[in-house]
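Asker: Give me coordinates for this.
(one chain, ligands or ions: 2)
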Amino acid sequence: MRNLSEWQGEREYVIANVIVVDPKKGSVNEGYVGVRDGRIAFVDAGEPQISSQPVFDGGGFHLSPGFVDIHVHLREPGYEYKETIRSGTMAAIAGGFTSVACMPNTDPAIDEKSVVEFILRKAKMAGFAKVYPIAAATKGRKGERLSEYHDLVEAGAVAVSDDGSPVPTAQVARRVMEYSSNFGIPFIEHCEDLTATADGVMHEGYYSTKLGLRGIPAYSEEICLARDLLILRTVPTKYHAAHLSTKGSVELVSEAKKRGLPVTSETAPHYLCLEDKDLTGFNTCLRINPPIRGADDREALIEALKDGTIDCIASDHAPHAAQEKQVEFDEAPPGAIGLETTFSIVMTYLVRPGHMSLSDALSLITHRPARVLGIAAGTLDVGEPADMTLFDPEEEWLVEEDSFHSKSKNSPYIGMKLTGKVKHTLLDGNLATASLEKSGIGG
Ligand SMILES: [Zn+2]
Ligand SMILES: [Zn+2]
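Answerer: Ligands and ions are numbered 1, 2, ... in the order given. Next comes the predicted model:
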């Protein structure tokens, strides 16, 4: 057996000595995986029979489908000083993510065919993770006229959203739902009532009063979600609620699912491990929208992941340059990077405390988010793309600023020790992490 890092572009090979985690099947077995022409050729338990194909040693690591993140901000075009498609997809590969869907709040917004094509071209040139553009639901994300969904979908857009902002009115939301239903694509809502948020900067509660920071009530998110779910009763179409952060939102989604409405939802890693009390240090990397909420909310979100009310986890990777975050808390732009820590947060805060099994937790970042967008990713099914992540579930590592491949370093976790480390990421059977090392940036 050869060491996996000695992979030299072989098109047909076997990775042995791995613990294969197949979240879709719910199985965890010592075994091996065969790759042929960039696709999964076979997956089996035990040790491989002697074969003519080269066999690489997986080092005893766990092997799972490549992770899928359906909510990232790649910032290109327009904000290349924060992130580029290249740096963002390198961060994805470093974090074990082989497929990412990027949000349209770029400049220009992803509201025309040419912008979708530009993103796909750039992603292909970079050669790191697969990128699925999410188009702007309305022209320029202005919340007025709808974009041309037909053109956008034809060019490769997989969903529509005005993320960064909500679709502002019930009238426009209804039109977005009606129009997107014609194309079978989901409408992804950034649930926020801007009049309720007003000039708030953190979760409204005891700590906002204590810290003297303006609060954002939980109902800022819930009003918008409730509005959309009521419209969904009239216009049943694929509706996905992004980055849910409150207990009330969980209750609303739960009730809608009981009614059989076609709703799916996600939460983000920071809502599972941080609380408003953690803002006492005024760390601007903890200014996020929606804000980090209270203990009750955090617990309700974990329960909702366990019982399936919330379908998946997405990072909401939101890079900002250092100088933008080195300001007063209420002046800082909201958002945190997440691609390189999401897996470790899942391991540290869901798996290690026993909230979920390894396989169930990985479902949240593999086949379940892939299913929300209807993309071919997140499984180890024979014939599917050989996108795979090898990781050590036990390894502890210290999050350091210079460990990031992302161009921006606005992570809330710098200085924290996390459990679970990505060791290798394979994209279409190619050892993508090897190219990261060659580029000579980051760790
Ligand atoms: Zn958002
Ligand atoms: Zn976002």
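Asker: Gln53 - how many residues pack around it?
Answerer: 15 (other C-beta atoms under 10 Å). Any C-beta I mention is one placed from the backbone N, CA and C, and that applies to glycine too.
Asker: separation between it and ligand 2?
Answerer: 42 Å (C-beta to the ion, to the nearest Å).
Asker: And the pLDDT at that residue?
Answerer: For Gln53, the model assigns a pLDDT of 91.
Asker: A helix includes it, no?
Answerer: No. Under DSSP: H, G, I helix; E, B strand; the rest coil, Gln53 sits outside any helix and is assigned coil.
Asker: correct me, but it touches Glu12?
Answerer: Yes. Using C-beta atoms under 8 Å, Gln53 makes contact with Glu12 at a distance of 5.2 Å.
Asker: Touching both of those two, which residues are there?
Answerer: Gly34 (C-beta atoms under 8 Å, 6 or more residues apart in numbering).
Asker: Next, the buried residues of the longest helix anywhere in the chain.
Answerer: Counting by DSSP state H, the longest helix found in the chain is helix 219-234. The neighbour-count check on helix 219-234 (16 or more other C-beta atoms under 10 Å) flags 219-229, 231-232 as buried.
Asker: Residues contacting whichever helix or strand comes after it, please?
Answerer: Counting by DSSP states H and E, the next helix or strand C-terminal to helix 219-234 is strand 239-241. Here strand 239-241 makes contact (C-beta under 8 Å, 6+ apart) with 159, 177, 186-189, 191, 225, 228-229, 232, 249, 253, 261-266, 372.
Asker: Given strand 239-241, what are its sheet partners and their directions?
Answerer: Next to strand 239-241 in the sheet, as set by DSSP bridges, lie strand 187-189 (parallel), strand 263-267 (parallel).
Asker: any idea which helix or strand comes after it?
Answerer: Counting by DSSP H and E, what follows strand 239-241 is helix 247-258.
Asker: Could you tell me the angle between that next one and helix 219-234?
Answerer: Counting by axes from the mean of the first three to the mean of the last three C-alpha atoms, to 10 degrees, helix 247-258 lies at 10 degrees to helix 219-234.
Asker: All the strands of the stretch 251-400 of the chain, residue numbers only.
Answerer: Remark: strands assigned in the stretch 251-400 of the chain by DSSP state E, counting those that start in this stretch are 263-267, 312-313, 388-398.
Asker: Could you do the stretch 1-150 of the chain as well?
Answerer: Counting by DSSP E, counting those that start in this stretch, the strands of the stretch 1-150 of the chain are 2-3, 12-22, 27-36, 39-45, 55-57, 62-65, 67-72, 97-102, 130-136.
Asker: Could you export those to CSV, including columns for distance to ligand 1 and mean neighbour count?
Answerer: What follows is those, written out as CSV (distance: least, C-beta to the ion, whole Å; neighbours: other C-beta atoms under 10 Å):
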stretch, distance to ligand 1, mean neighbour count
strand 2-3, 42, 12
strand 12-22, 30, 21
strand 27-36, 34, 19
strand 39-45, 34, 16
strand 55-57, 40, 19
strand 62-65, 26, 25
strand 67-72, 8, 30
strand 97-102, 13, 28
strand 130-136, 11, 26
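Asker: Quick one: closest of those to Gly338.
Answerer: Nearest to Gly338, of all those, is strand 67-72, at 8.0 Å by C-beta to C-beta.
Asker: What parts of the protein come near ligand 1?
Answerer: Residues of the chain lying close to ligand 1 (C-beta under 5 Å from the ion) are Asp163, His190.
Asker: what ranges of the chain fall below the confidence cut-off?
Answerer: Along the chain, the parts satisfying pLDDT under 70 run over 437-443.
Asker: what does the domain assignment say about it?
Answerer: For the chain, automatic domain parsing gives the domain ranges 2-64+385-393+417-439, 65-373.
Asker: do you know how far Pro133 is from Gly212?
Answerer: 41 Å (C-beta to C-beta, to the nearest Å).
Asker: Could you do His62 as well?
Answerer: Distance from His62 to Gly212, by C-beta to C-beta: 46 Å.
Asker: Over to Asp360?
Answerer: From Asp360 to Gly212 the distance is 41 Å (C-beta to C-beta).
Asker: likewise Ala126?
Answerer: Ala126 is 44 Å from Gly212, by C-beta to C-beta.
Asker: How far off centre is stretch 382-390?
Answerer: 18 Å (C-alpha atoms, centre = their mean, to the nearest Å).
Asker: cool, stretch 78-88 as well?
Answerer: Its chain's average C-alpha position is 17 Å from that of stretch 78-88, according to C-alpha atoms, centre = their mean.
Asker: What's the end-to-end length of it?
Answerer: Stretch 78-88 has an end-to-end distance of 14 Å (criterion: C-alpha to C-alpha, to the nearest Å).
Asker: can that stretch be found next to ligand 2?
Answerer: No. Figure legend: stretch 78-88 not in contact with ligand 2 (C-beta under 5 Å from the ion); closest approach 12.8 Å.
Asker: Quick check, the residue in the stretch 251-400 of the chain closest to ligand 2?
Answerer: Closest residue of the stretch 251-400 of the chain to ligand 2, C-beta to the ion: Asp316 (4.5 Å).
Asker: List the single closest residue to that residue in space, sequence neighbours excluded.
Answerer: Leaving aside its sequence neighbours, Asp316 sits nearest to Ala268 (C-beta to C-beta, 6 or more residues apart in numbering; 4.5 Å).
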